[in-house]
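Student: could you work out the structure for the sequence below:
(one chain, ligands or ions: 1)
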Amino acid sequence: MEIVIGSDHAGFGMKEDLKRFLSDLGHSVDDAGTFSGEQSADYPDWGLKGALKVASGKAERGILICGTGIGMSITANKVRGVFAALCADESTARLSREHNGANVLVLGSRTTGAALARSITKAWLDAEPEGGRHLSRRRKITSWEAQTCRENVETTENGRVIVIKHPLIQHKLSIVRDKNTSVKDFRDLLQEIAGLMAYEISRNLPLEETDVETPVCSARGFSISGKKLAVVPVLRAGLGMVEGILRIIPNAKVGHIGLYRDPNTLQPVDYYCKLPNDIGERDIFIVDPMLATGGSASAAITHVKRLGGRRISLVSLISAPEGVDKVSSDHPEVAIFTAALDERLNDHGYIVPGLGDAGDRLFGTK
Ligand code: RB5
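Tutor: Take a look at the predicted model:
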């Protein structure tokens, strides 16, 4: 396994000892520093280096050491995606994996002896995260992290899900979640959010230079270079996002795909599909406000592929981890753009916390 290890001056000796121990166990060790125990070295500098390697996937796990372990755990847990656990015995180390999915182990060199540090490390490396209630608790943490993150776009899990975090989107999303929001406001806000999402999604469209005459002189400008787009709402709730996207990308063609979820089996049933003739040449955005079980979205993608669609992305207002897993495993090449990654589905297949049934709230049918 690829393990990054880091320490401050106080943890330097233990780091060197654990490096040998890890290599003897057959792991590949990346030393993030510090590189001397003689000079004072601030734990946030080296802790962040190690934690960022884990967060970015460059290392599978991390081990960080300072005098007490406290500075390193505070530091590492500031990095999104890091679950750092300060452990002083083998059983807590094992539980930090099984229950908390700790991807960073923190040790205190002044509180834990060298031999114990080795056996804590071994216990931690040998344990795996458990599912069930522990997974759902961990998801509460990642979901909170995703929703409060201040970056506008967050890429999670293998780059398949792009959570768009623009403050305006997050603000409006909270209003559409509110059960007291009127049908009219829900409708208006969903279109506004879809437009804002389209703005973010289209930020990498290729440009070409053009000449333009201003009232003053000629100037060099830019236009979007021959990109053909298609927006394909999944009926009926997907319709609630189309106008908003077309306000930003007015030349996109619109296809429609009709699927509904059988309330008993929760399986998608497909009843209508009409796509632009040249769908194979277009970048396709399949839109559905709620990515719940992923059954409808995955079926819609399969259907569009069967009719010749090749470059497909999915745009959803709110996604559940179960839906993301389903779409990503059925269609690993499809990017999922969403404004929120919620906690889970309930027994009725609704996203929690979600916003209820988007179709009903959009058309006032409940
Ligand atoms: C360094 O003396 C010490 O403060 C540091 O290693 C760590 O214990 C901080 O939490």
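Student: low-confidence stretches in the stretch 151-300 of the chain?
Tutor: Applying pLDDT under 70 to the stretch 151-300 of the chain flags the ranges 151-159, 226-227.
Student: just the strands in it please.
Tutor: Applying DSSP state E, counting those that start in this stretch to the stretch 151-300 of the chain gives strands spanning 153-156, 161-164, 207-213, 218-224, 229-235, 253-254, 256-261, 268-274, 283-287, 290-291.
Student: most tightly packed of these?
Tutor: strand 290-291 (a mean of 28; mean count of other C-beta atoms under 10 Å). No exception for glycine: its C-beta is placed from N, CA and C like everyone else's.
Student: hmm, who's touching that one?
Tutor: Here strand 290-291 makes contact (C-beta atoms under 8 Å, 6 or more residues apart in numbering) with 237, 297, 314, 316-320, 323-324, 327, 336, 338, 351, 354-355, 358.
Student: residues from the stretch 51-200 of the chain in reach of the ligand?
Tutor: 66-68, 70-71 (C-beta under 6 Å from any ligand atom).
Student: apply 8 Å and report the result again.
Tutor: With C-beta under 8 Å from any ligand atom as the criterion, the stretch 51-200 of the chain meets the ligand at residues 66-72, 74, 108-110.
Student: pull the contacting residues for Gly280.
Tutor: 308-310.
Student: no no, Ala51
Tutor: By C-beta under 8 Å, 6+ apart, the neighbours of Ala51 are 62, 64, 75-76, 78-79, 82, 84, 104.
Student: so Ile63 bridges to which residues?
Tutor: Ile5, Leu105 (DSSP bridges).
Student: so it makes contact with Lys122?
Tutor: No. With contact defined as C-beta atoms under 8 Å, Ile63 and Lys122 do not form a contacting pair (11.7 Å).
Student: neighbour count for the two, which is higher?
Tutor: Set Ile63 next to Lys122 and count neighbours by other C-beta atoms under 10 Å: Ile63 wins out with 31 against 16.
Student: how much space between that one and Ala127?
Tutor: To Ala127, Ile63 is 14 Å away according to C-beta to C-beta, to the nearest Å.
Student: can you check Glu281 too?
Tutor: Glu281 is 50 Å from Ala127, by C-beta to C-beta.
Student: and those two? Which one has more around it.
Tutor: Legend: neighbour count by other C-beta under 10 Å for Glu281 and Ala127, higher for Ala127 (17 against 13).
Student: leaving out sequence neighbours, find the closest residue to that one.
Tutor: Once flanking residues are discounted, Ala127 sits nearest to Arg97: 3.6 Å by C-beta to C-beta, 6 or more residues apart in numbering.
Student: tell me how far the longest strand belonging to the chain lies from the chain's centre.
Tutor: Criterion DSSP state E: the longest strand present in the chain is strand 311-319. On the basis of C-alpha atoms, centre = their mean, to the nearest Å, strand 311-319 sits 12 Å off its chain's mean C-alpha point.
Student: what average pLDDT does that strand get?
Tutor: For strand 311-319, mean pLDDT rounds to 94.
Student: show me what it is packed up against.
Tutor: Strand 311-319 sits against helix 167-177, helix 183-201, helix 239-248, strand 283-287, strand 290-291, helix 295-306, strand 335-341, with contacts defined as 3 or more C-beta pairs under 8 Å, 6 or more residues apart in numbering; DSSP states H and E.
Student: return the alpha-carbon coordinates of stretch 22-40 using PDB.
Tutor: Only the C-alpha atoms of stretch 22-40 are listed here, as PDB (Å, rounded to 0.1, in the frame of the first residue of the first chain):
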ATOM      1  CA  LEU A  22       6.300  -0.100   7.100                       C
ATOM      2  CA  SER A  23       8.900  -1.000   4.500                       C
ATOM      3  CA  ASP A  24       9.500  -4.300   6.200                       C
ATOM      4  CA  LEU A  25       5.800  -5.000   6.000                       C
ATOM      5  CA  GLY A  26       6.000  -4.400   2.200                       C
ATOM      6  CA  HIS A  27       4.400  -1.000   2.000                       C
ATOM      7  CA  SER A  28       5.700   1.800  -0.200                       C
ATOM      8  CA  VAL A  29       6.400   4.800   2.000                       C
ATOM      9  CA  ASP A  30       6.400   8.500   0.900                       C
ATOM     10  CA  ASP A  31       8.200  10.700   3.400                       C
ATOM     11  CA  ALA A  32       6.400  14.100   3.500                       C
ATOM     12  CA  GLY A  33       9.000  15.500   6.100                       C
ATOM     13  CA  THR A  34      10.200  17.000   8.300                       C
ATOM     14  CA  PHE A  35      13.700  15.800   7.600                       C
ATOM     15  CA  SER A  36      15.500  16.500  10.800                       C
ATOM     16  CA  GLY A  37      14.700  16.200  14.500                       C
ATOM     17  CA  GLU A  38      17.200  19.000  15.400                       C
ATOM     18  CA  GLN A  39      15.400  22.000  14.100                       C
ATOM     19  CA  SER A  40      12.000  23.200  15.300                       C
END
